[in-house]
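> using only what follows, build the 3D model:
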Amino acid sequence: MKKLTMALLIGLTFTSTIFGATLSNEIKNGSLVVYNSNLGLVHEERDLSLHQSDTSIIYKGVASSVQTDSINVEISPDVTINSQQYRFDSLTQSKLLQAHIGKKIQVRLLKNRNEFKVISATLLAFNGQKSIVKTLDYKIITVKSDDIIFEDIPDTLITKPSLVWNIKSKKDVKTTMKLDYLISNINFKSNYILNVDGDKANLTAWISVNNRSGKRFESTKLSLLAGDIQQKQMRRERLYKSVRAMSDSVEVKEKSFEGYHFYTIPFNVTIANNETTQIKFLQENNITIERLYSVILNNPLYLRGEQKSDVSQFIAFSGLSVPLPKGDVRIYSQLEGQTILLGENSINHTPKNTDIKLQTGTNFDLKVVQRTTKRSDSTERFNVDVEYSVSNNSDTNKTLVILVPFNTHTDSNVTTDEIYTFTKGNLVTFSIDLEANTSKKFNVNYESKK
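The predicted structure is shown next:
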C-alpha cells in the first residue's frame, strides 16, 4: 500500500461520468478522536472494487466540515490519483433541471379545470419558472418548471458531502481504502460532579461531545485528547498511529502521549450530528476533603480608611492518581434528604497527583475588616499601621487565611505580634484560628520605600 496526502482542488470542473468504481457502504475500523479545540480526526476504511477502465472514485458521506487540506488516503499502488475534489450538491430545482437537460422527464399538464394528465418528454432548456420540452410526438412546448416531475437524481449530482478522486488504474483492483481527515465544529469538554458528605466526597466525571461537524458517526470507536495542540505544527501521522494502538481498551483508558493525554472509550459510540453525547469516564469515591477559608485584602500602602471584605470558601483534596481534563465542576451536598448545590467552579488540565482547590462561594459567617489607624509617610517611604478585625459568627471553629499584597524590597519591614509568612513572593500571609462565635483584632505596621 502507498500513502498519498494532498490538498483538495476546490472548484475543479467535474466532467467524468464514468463511475464504475464501487465502494462498500459499510465502514470498517471507523474511529474518531475529538480534541478540546474544535477539532476532530476521522479514520474510516471501506472495501473498494474498481475496473481498469474506471476513472473516478466517489467517497460519499464525509463531514461537511472536512478540512480539505488534511486528506490522507491509502489505496493500492496500482491506482494513481490525479486530482481530488470536495463535492456537495445541495438539491435545488435549478440543479435538477440543469442535470436533466437532454434527458427524459415527465410533465404534469392541466387537462381541464379539475384534472391533470402526465406526459413523457425530453427537457431541452429552462429559464427560471419556464422550461422547454419536446414531447414524444416531437412537439416543442413551454411548461412551468414546477410541473416537471423527475424520476430520479442523476449520478452527476452528489447529494451528500463527498470526496471525488479522478484516478487511473493499471488493472482491476479489489482492496481496502483507508481514509483519514480532520473536521471542524466538533468538541468535547469534561463535566464533574462532586458529591460532598462530611469530610468525604465522591467525584463523577462525564465527557460531553458536541458534534456540529455535519456528519453522523455510527457505532464508531471514540477517543479524546486532552491538551492544547499547536495545530499548524501537529504531526498527524503520529496521532493516527497512537489512536489505533489504543483500540483494545476494556475500560475507559487514559494514556499519556507526546505531552497530551488520550482517553479511549471501551465501547463503540453513535454520535449524531447537531447533538451532544455524554459518556461517563471516571468515578472516584471516598475522597478525603478539607474546607478552607481565605481572603485577599488590599495592599496596605494604598489603603485609605476602612474596608470590609467577604471570605471565600473552598473545598480541597489531594491529587488523584489520574489526570483530569479541563472542565466545569458542580459541587453538591445533602441537607435533610434534599440535594443542595454548594457552588460551581472549573479546573484546567490537571496532571495526576496535583492538589485540587475549588472555590464554592463566599462564607456567610466569616467577615474581615481592614482599617488604617496611622500613616507616617515621608517623601521617600511609606509607613502605615493597619488594624485587622476578623469575626466567626458560625457555630464551628474555623481557620482563616488572610493574604495581604505587599511590595517586598530588601529594606521593607512588617512588624506585628501575629505570626505570618510570605507566600507567592509578595503575599503576607496570616493563618488565624477562630473559635465558634468569636472575633479577633490584630495590628500590623508596614514600611517600604516608595
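> who are the packing partners of the helix or strand encompassing residue 382?
Using DSSP states H and E, residue 382 maps to strand 381-392. Applying 3 or more Cβ pairs under 8 Å, 6 or more residues apart in numbering; DSSP states H and E, we find strand 381-392 packed against strand 356-375, strand 398-405, strand 427-434, strand 438-449. For the C-beta atoms, the positions are set from N, CA and C on the backbone; glycine is no exception.
> tell me which of these sits most buried.
strand 398-405 (a mean of 19; mean count of other Cβ atoms under 10 Å).
> strands paired with it, and their directions?
Using DSSP bridges, strand 398-405 pairs in its sheet with strand 275-296 (parallel), strand 427-434 (antiparallel).
> now tabulate the ones you listed in a markdown table and tack on distance to residue 360 and mean pLDDT.
Below are the strands paired with strand 398-405 laid out as a markdown table (distance: least, Cβ to Cβ, whole Å; pLDDT from 0 to 100):
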| stretch | distance to residue 360 | mean pLDDT |
| --- | --- | --- |
| strand 275-296 | 9 | 93 |
| strand 427-434 | 19 | 96 |
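> circling back: and for the strand holding residue 382, what's in contact with it?
Outside of strand 381-392, the residues within contact range by Cβ atoms under 8 Å, 6 or more residues apart in numbering are 297, 300-301, 303, 365-377, 398, 400, 402, 430, 432, 434-450.
> show me what the helix or strand hosting residue 222 is packed against.
Element membership for residue 222 (DSSP H and E) is strand 217-226. For strand 217-226, the elements it packs on are strand 28-35, strand 200-211, strand 260-264, strand 269-271, judged by 3+ Cβ pairs under 8 Å, 6+ apart.
> pLDDT on the second one, on average?
So the one you mean is strand 200-211. Averaged across strand 200-211, pLDDT comes to 94.
> that strand pairs with which strands?
As assigned by DSSP bridges, strand 200-211 forms pairs with strand 186-197 (antiparallel), strand 275-296 (antiparallel).
> spatially central, which residue of this structure would that be?
Centroid check for the chain by Cα atoms, centre = their mean gives residue 187 as the closest residue, at 2.1 Å.
> quick one: it from residue 36, how far?
6 Å (Cβ to Cβ, to the nearest Å).
> same check, this time on residue 153
39 Å.
> just residue 204 next, same as before
Taking Cβ to Cβ, one finds residue 204 at 19 Å from residue 36.
> give me the number of residues near residue 102?
9 (other Cβ atoms under 10 Å).
> got phi/psi on it?
phi 80, psi 0 (degrees, to the nearest 10).
> check contacts around it.
122, 123, 124.
> buried ones among these?
122, 123 (16 or more other Cβ atoms under 10 Å).
> my read: residue 27 touches residue 46, true?
Yes. If you go by Cβ atoms under 8 Å, residue 27 and residue 46 touch, sitting 6.1 Å apart.
> which residues are in contact with the closest residue to residue 444 other than its chain neighbours?
Excluding its sequence neighbours, the residue lying closest to residue 444 (Cβ to Cβ, 6 or more residues apart in numbering) is residue 416, at 4.1 Å. Going by Cβ under 8 Å, 6+ apart, residue 416 touches 442, 443, 444, 445.
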